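Chemist: Could you look at this predicted model? Sequence included:
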Amino acid sequence: MSILSENAPARRRRITTESAIKAFFGSNALVAIVVLALITIFLFRDGFGFFGQNLANLRLYRRAGLEYVDIIRTQAQTHAALSRQLGDIRMQESRTLPSGSTLEAFDQFSAAFSDSGEFLNALVSDANDQALALREVLIAAGSASAVSSAEAQPSETAKPTAPVDPRAAMIALRTADEKFAKIAEGMKGKIDNLLAAPPVLSSPKARQSFEKWKKKTRDYVAQFPVVSQRLRQWNANEPVPAYRAITAFLFGRDWVTASFWQDWYGIIPLLVGSIMVAAVALLLAVPLGVCSAIYVSEVAARGEKSLIKPYIEFISAIPSVVLGFFGIAVVGQAVRALSQMPFMKWVPFFPISERLNVFTAGSLLALMAVPTIFTLAEDALRNVPRGFKEASYALGANRLQTIARVLVPASLSGIISAVLLGLGRVIGETMVVLLCAGNRIAIPDFTQGLGAFFQPVHTMTGIIAQEMGEVVRGSIHYRALFMVGLVLFALTLGINYLAQRLVARYRMSIG
Amino acid sequence: MPPKHILGTFDEALSSLRNNVLMMAGLAERTLDRAVKGLLQRDDNLCTTAIADDEEIDQLEKQIDKEGVDVLLRFQPVASDLRRVVAAMKLSPNIERIADQATNIARRARKLNRHPPLPEVEIIVPIQAHAMAMFKDSTDAFARENVDLGRAVVARDKDLDHMNKMANRRLTDRMAQDPKQLRGYLNLIFISRSLERVGDHATNIAEDAVYAAAAEDIRHQTVATAT
Amino acid sequence: MPPKHILGTFDEALSSLRNNVLMMAGLAERTLDRAVKGLLQRDDNLCTTAIADDEEIDQLEKQIDKEGVDVLLRFQPVASDLRRVVAAMKLSPNIERIADQATNIARRARKLNRHPPLPEVEIIVPIQAHAMAMFKDSTDAFARENVDLGRAVVARDKDLDHMNKMANRRLTDRMAQDPKQLRGYLNLIFISRSLERVGDHATNIAEDAVYAAAAEDIRHQTVATAT
Amino acid sequence: MIAAPSNRRRSRLLERVLFWVFRIGTYFVLLCATYIFLDIGIKGGRTVFTRTAPFVNVKFLTEPPQTLYVFDYQGKKMELSDREFREWKTTHKEDVDVTSVSYSAGGIWPCIVGTALLVIGSMTLALFIGISCAIYLSEYSRDGRFIRLIRVAILNLAGVPSIVFGLFGFGLFVIFFGWNVSLLSGWFTLGLMVLPAIITASEESLRAVPQGLREGSLALGATKWQTIRKNVLPYALPGILTSSILGIARVAGETAPIMFTAAYAMRDEMPWQVSHWTNFFFQGVMALPYHIYVVSSKIPQNEYTERVQYGTAFVFLVVVMLIALTSILLRERQRRRLSW
Amino acid sequence: MVSLVEMPQAMPQQLSRQNDRRADEVNGAEIMIDVRDLDFAYGANKVLHDVTLDIPPQAVTAFIGPSGCGKTTLLRCINRMNDLIEGARITRGAIHLGGVDINAPEVDVVDLRRRVGMVFQKSNPFPKSIYENISYGLRIAGINKRSQIDEAVEKSLRGAALWDEVKDRLDEGALGLSGGQQQRLCIARALAVEPDVVLMDEPCSALDPIATAKIEELIQELKMQYTIVIVTHNMQQAGRVSDHTGFFYLGKLIEFGPTTKIFTNPSERRTEDYITGRFG
Amino acid sequence: MVSLVEMPQAMPQQLSRQNDRRADEVNGAEIMIDVRDLDFAYGANKVLHDVTLDIPPQAVTAFIGPSGCGKTTLLRCINRMNDLIEGARITRGAIHLGGVDINAPEVDVVDLRRRVGMVFQKSNPFPKSIYENISYGLRIAGINKRSQIDEAVEKSLRGAALWDEVKDRLDEGALGLSGGQQQRLCIARALAVEPDVVLMDEPCSALDPIATAKIEELIQELKMQYTIVIVTHNMQQAGRVSDHTGFFYLGKLIEFGPTTKIFTNPSERRTEDYITGRFG
Ligand SMILES: Nc1ncnc2c1ncn2[C@@H]1O[C@H](COP(=O)(O)OP(=O)(O)OP(=O)(O)O)[C@@H](O)[C@H]1O
Ligand SMILES: Nc1ncnc2c1ncn2[C@@H]1O[C@H](COP(=O)(O)OP(=O)(O)OP(=O)(O)O)[C@@H](O)[C@H]1O
Ligand SMILES: [Mg+2]
Ligand SMILES: [Mg+2]
Ligand SMILES: O=P([O-])([O-])[O-]
């Protein structure tokens, strides 16, 4: 036989077949790659439109004077908050003193304080209407064509109302400058009077709170001139810098949609929700997962091992929606019921009021993360070459020493990457948080300490799942959701990448 | 015979070595036989062939060493295999020396043939028979790895020494009596001594055969136990 | 000297083997010296010590073979190492034979000493000198792995043979002239022959030395080229 | 001899204690899972199984979901499904105070069908592309920077949350391609979602085939394709399929990606009831996981919803678990069988 | 040896082969593989420097040398197995097989490999039956006639001294054989396609002494018919089985010559030092 | 040799050790390890039958035999490494180490293993620094004084003839060493805890001839201080390094005796057949 194939046509045929086959597989690989590239492109394409719209949205907020009104509103809201706090103090007082008689003075005081905000509220209400009207006008004028959200249907609402001159409307709105100054003056007088003769409280706790309240109130009153000044200086035509579109998203503390007033797309509450849920899940899952990995790979008897391992892997196949349903149906109830048990009274933030909260979601997610962590960590432990173990035993180490000093260090990066992949899974999980996290879009009240973990939150995945079905395609809300998706994408990609790097390193160091 | 090696080439090499030794021994035997026959029958031709044979034996000696080294190199023999190789390499010079002695005898026989026959030549016959028997038995002991036979050969050397001494004495006496034939007797003395040396070499061969078969070095033993 | 082996024990074993060979050669030299001195100075004591020395040399021969086999077994030497071991094992019998010849000389010297001195004893002196020089040079060639020296020794054997032949002729003549001293001359003839044999053994040693140093088997070469 | 005995005794105690901690942790996890299985199994079993022959609630498995009407009639509590209620109305004209609970009657047949369709379609797609891609990557591609980059990308995409894939599918297939909420969108979304996992697993299986087999074949004068076809794929395929079954479990179990690409909360027609065969691909379907989501969060909860909730969860869990079990068992067998 | 280029397609007439070979010999070429001035590099790492040697036909040629000196690399150059390794390439020089440059563009690597069989360090039988292992090479060469294959299977198993041990279980899995048997099976598999050259890369390094001896014995028998090139770590093995030995050191061929010469009286100091264990 | 159970805590006075040993010898025990009538089984598979042998102190004892004859198994019985394998157990007989039954319930297996070091076929340094590899054994024994550990590290590295090669990079990873160095590191690691016995299971089988020679040389030096038991496939190696050799066949000890005897003139036909390559 010759190495220079004598049968040239056959050889040519063979070579063409070979390259055709190669081309076939290559093109398939290409399809996969193109599609995977498309994902990124599409997320970016739809996501990045958000910033333009958000900027327009923010500009309208200023041009229509909504921002102006919000300055005043903040004052009104602070006042209302102070009133509410008085109510809390009353509760504290009444709890220690069952006899209601002494509370009368306090009630009067509190009513008077509440009344002192009357004019301010009226002002806010007026300005509100004016600003909204102005906004409609501006939208009609097409200045904010970008804002095409479903709830602000401009074409229908703007047409019937008589076109108003925006400039005149703005001037009308700005009269509030003066009014606020006057109202503030009045309020200051009333509140000062009230503070001069505060009611006496008996309970030391209440007294302490009351002192704090008084200080806050004084600060509040002292703010009036500043606010007044700000109102005067406020300028509707001051341009909104472009970067605000991004910072408002990344650092925005409000996620408000479909509001009559102004939509806010700040990711922080969602991010905090996701992180809290993930933290709870990992806090539970990491010790359990790693413990069981060590147990199964080093401690358990062979029969035990052959049962536990498939069983835990089996757990990972439980669909998340089933877990979520189980959370609603069983876990939430159980957690709340447990917190209401008398013997749990010592926990400061118990009993909890919400059935569905961070903890409920987190504990269910932990169950999802355990198999991931377990499988990968067990893999890492098992892949430690037998020789290491034998060498350690041969040097007179016992099992614990061998585990602690040889096996775990040798597989540490494997274990860490297992934890990271677990984190990725938890952050990206949708149905459980959608069903069990409570879906309240707000940053939990961290003043309660650990109690914050028993408050409902909303998460990034949850918000997409919940709102995506109802938004108008192409609207700012739609794009905001894509932006959330992008953040999620980037986050999990980063976590994953880190995990892969770690695994690669550990493969190398052991291999 | 021991079972075969897994490596057939090893067996081949070993048997080639052994065959060469045996062939060498056979040749030496023939040479010796011819030399003595040449002497007794006063046949110069036989003597000449005997002398010519030596060449082949010399080459066989070299061949055996070459093959022996080759086996050591390639197969790293141990135990009995190693002993066989070492024995073959150690006994081949002895065979070579036996052939040399035969050559010596043949040379001296040719000289004797130029003179009238000496009756005392008969004295050589039993010596030759004894030496030859020892030599044959020693190669046999090697070929058949027969330890007992080997040991027996060693023991028989004493007799040969004695026979040689007697012959020596008688020939010297004859020499003194008959100085005319002095050179002839001297040659006979040397021939007798050569045959005695053949016995010595046979002893060496037998010792090597014992070593190969039983891993025992029986050389210089009587003296050793004496100390 | 070649660089050291990674295996120190290998180096040790090899040098032990070499040292034994050199020690054996030294002893043989001394024995030969003593024997000849015993002859020339008519000193029986020297002869007796010479004979007694043989024992030690025999034991050394056994020792060398033992160590040689041991090295073959344990280290599977190749190339120069193997040649050194084989050469050592092959040349030790030659040294042993030299010592034997010395013993023979010593024995015959003792016999001669019982009779009045023969003036022809002087004839031995140059032969002894030549043989001794050859022997010394051959061991030297082995010790220093000097190929040229080895070859030179081989060449010098011819002279020795010639000297021996001359001595033989003269002594035979004397013997015929003086049958009274017949035995004495016979002894001298044998002594001369022994010394000639020493030269032969030295040649063998030199050949082995050349083999060890240059991997060349120069034995029986003149004959070989003749064919 | 070396360590002080007291020291040793302490470390032995520590060893014992820690091992118990590990053991308790492990069994705690198992216990939690078992509780879930039992809870859903028992409560769901009440829906799916019956006490009388044929012991299976055939209606639940073969009927579409319907609204449940509950009312008191002549002191008797009536629980009627939509159809039954209308029939009942034809005979009873009087007004009753009816509470209607949507989806709580009937069965989940369309959901089962929808899920099956989604799984089959998306897995076909993913397996075809995924295996081809893996073959290319592990057998044909030369290891360059670009290929390495692709590998890293694929590895990382495997960890991208399913909701992001849903988002992407929604953006690309539903809106950009205009396929709307349809089987096709669902197939592609789910298929692409498992694609990275399948490529990775397939490549791993291919790589597990010892290099020696390839070299041995090539050294005999086989061409590359002959080598792959006869000496690589046959040994890698079982592994690929085994790990793909895990992919099936994942596809079947996912809710988020189909929520707005393929799933309808309620659809009266069955998937084969389409006017033209091309419409088959462009119809949305009901799916088990989405149904669970809907019945457990989108309708008011009361004592009547539990039946359908647990029943659906039970059926769904059983289906997914069976797939997963198959995969785990196959893999165990695989591990034992393959040892080169 | 007649030129490879013109040689008629011999494969399907398997039996005519031996006669061909004898004809080749008559034509006089005494060199089977001719490596000339070969430089080889893995990427930027040059591992062979200026290697020149002639491998004679119908003989065993052994490569020895310390670890990492490039023995395997050279061996794998001969059947272009190194093509599979990225960045690996011949940077200078050439290898001729029977007079043809094996790296010439018109040479088909598939044909080359069919002509130059290879046996690997770790035995790698396919996880199929013994019969299928042997017939694999024939089938991919397009031979499908059962009788022809049967004959070739028996012939090559006999050639690999394995026939008697496995003839009753040809349909059993090859992985059930012992290590030494597996390695002989791999040899038989290589023989089945009737190569001219058989390359062996440390074929006994994973085997115990008994299995090793059997394979060595086999190699001795094979050299009657094949040109064999073997890489080995075991110097004694090289001494035992090979006719020619090449000693490599740091990618250079230090010495190449008849094995007896190399092992009794090498010309190079480094060769001597290595084989006598004086290195490092 | 004093009883394992009662032996006083000797470790902290590391240097006193050699003297102790000499004292032991004076006490007269000429047997370090005494295996008596040992039967061993993996589950139902009996792999050692009635093995009886005495391993002398301060000498190298080699086990040879064809693959699967139970050499490794016996070796791993001596430090009870087989405890780690499920179902593996001694079914009859006993092993005494310095007069103490190592399987007695009062013997602590951790102590036993510290006293009987082991070196494996495949070198297995921990993926830590060289220094940490050596100090590992000391640390788990509860020794934490830096100066003491430093001293022991140097001592054992010197003992393993590795000190000069690695003294400047003690903090580098052990996996960066060459194969032979890694194996010597493993030996050093075993020496660091000052065992009495060092078991080696084919310590050179994965190494090239040069590295092998270095380790053999090392073994020769170590036997001045330690009792060494080595399993080897390489008969020549057994001949080179060992003082006593045991030949195993099918789980039985066929012959045990001085190495020279075994290799020049074994008493048993099977031994002779095996070592001369007449098996199979
Ligand atoms: N695939 C590869 N890529 C890069 N370098 C390589 C590769 N294979 C071998 N090398 C390098 O080439 C050199 C020669 O390697 P080769 O395998 O030919 O040595 P060898 O003599 O066969 O050694 P050994 O006896 O250990 O098998 C070594 O330095 C090695 O590190
Ligand atoms: N862990 C194990 N479980 C079951 N059987 C085993 C185990 N280890 C070894 N065996 C069996 O015990 C017997 C002896 O094995 P062992 O490893 O002791 O042999 P060996 O002489 O060391 O062989 P090798 O030279 O191949 O290392 C073999 O038949 C083997 O199959
Ligand atoms: Mg190699
Ligand atoms: Mg073993
Ligand atoms: O060597 P010799 O002639 O004296 O026997």
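Modeler: The structure has been received and is ready for your questions. Residues are numbered from 1 along each chain as shown, chains lettered A, B, ... in the order given. Ligands and ions are numbered 1, 2, ... in the order given.

Chemist: what's the closest residue to B:Arg30 other than its chain neighbours in contact with, if anything?
Modeler: Nearest residue to B:Arg30, sequence neighbours excluded (C-beta to C-beta, 6 or more residues apart in numbering or on different chains): B:Asp53, at 6.7 Å. Where you see a C-beta, it was placed from the backbone N, CA and C, and this is true even at glycine. For B:Asp53, the contact set (C-beta atoms under 8 Å, 6 or more residues apart in numbering or on different chains) comprises B:27, B:30-31, B:34, B:99, B:102.

Chemist: before we move on, what about A:Val256?
Modeler: By C-beta under 8 Å, 6+ apart, A:Val256 lies in contact with A:262-264, A:441.

Chemist: 6 Å instead?
Modeler: By C-beta atoms under 6 Å, 6 or more residues apart in numbering or on different chains, the contact set of A:Val256 is A:263-264.

Chemist: Show me what the least confident helix or strand in chain D by mean pLDDT is packed against.
Modeler: Lowest by mean pLDDT, DSSP states H and E among the helices and strands of chain D is strand D:98-106, with a mean of 73. Secondary-structure packing of strand D:98-106 (3 or more C-beta pairs under 6 Å, 6 or more residues apart in numbering or on different chains; DSSP states H and E): strand D:65-73, helix D:305-337.

Chemist: weakest of the ones you listed in terms of mean pLDDT?
Modeler: Across the helices and strands packed on strand D:98-106, strand D:65-73 has the smallest mean pLDDT, namely a mean of 76.

Chemist: any idea of the angle that strand forms with strand D:98-106?
Modeler: Orientation of strand D:65-73 against strand D:98-106 (axes from the mean of the first three to the mean of the last three C-alpha atoms, to 10 degrees) gives an angle of 140 degrees.

Chemist: Can you spell out which helices and strands pack onto the next helix or strand after strand D:65-73?
Modeler: As assigned by DSSP states H and E, the chain's next helix or strand after strand D:65-73 is strand D:76-81. For strand D:76-81, the contact count by 3+ C-beta pairs under 6 Å, 6+ apart identifies strand D:65-73 as packing neighbours.

Chemist: Each with direction, which strands does the strand it packs on pair with?
Modeler: In the sheet, strand D:65-73 lines up against strand D:76-81 (antiparallel), strand D:98-106 (antiparallel) (DSSP bridges).

Chemist: deepest of the ones you listed, which one?
Modeler: strand D:98-106 (a mean of 19; mean count of other C-beta atoms under 10 Å in any protein chain shown).

Chemist: Just give me how far that one sits from the chain centre.
Modeler: 28 Å (C-alpha atoms, centre = their mean, to the nearest Å).

Chemist: Tell me the buried residues in whichever helix or strand comes after that strand?
Modeler: For strand D:98-106, the succeeding helix or strand toward the C-terminus, using DSSP H and E, is helix D:109-135. The neighbour-count check on helix D:109-135 (16 or more other C-beta atoms under 10 Å in any protein chain shown) flags D:109-119, D:121-123, D:125-127, D:129-135 as buried.

Chemist: Distance of whichever residue of the stretch 151-280 of chain E sits closest to ligand 5 relative to A:Tyr393?
Modeler: Residue nearest to ligand 5 within the stretch 151-280 of chain E: E:Thr264 (29.2 Å; C-beta to the nearest ligand atom). To A:Tyr393, E:Thr264 is 48 Å away according to C-beta to C-beta, to the nearest Å.

Chemist: Fine by me, thanks again.
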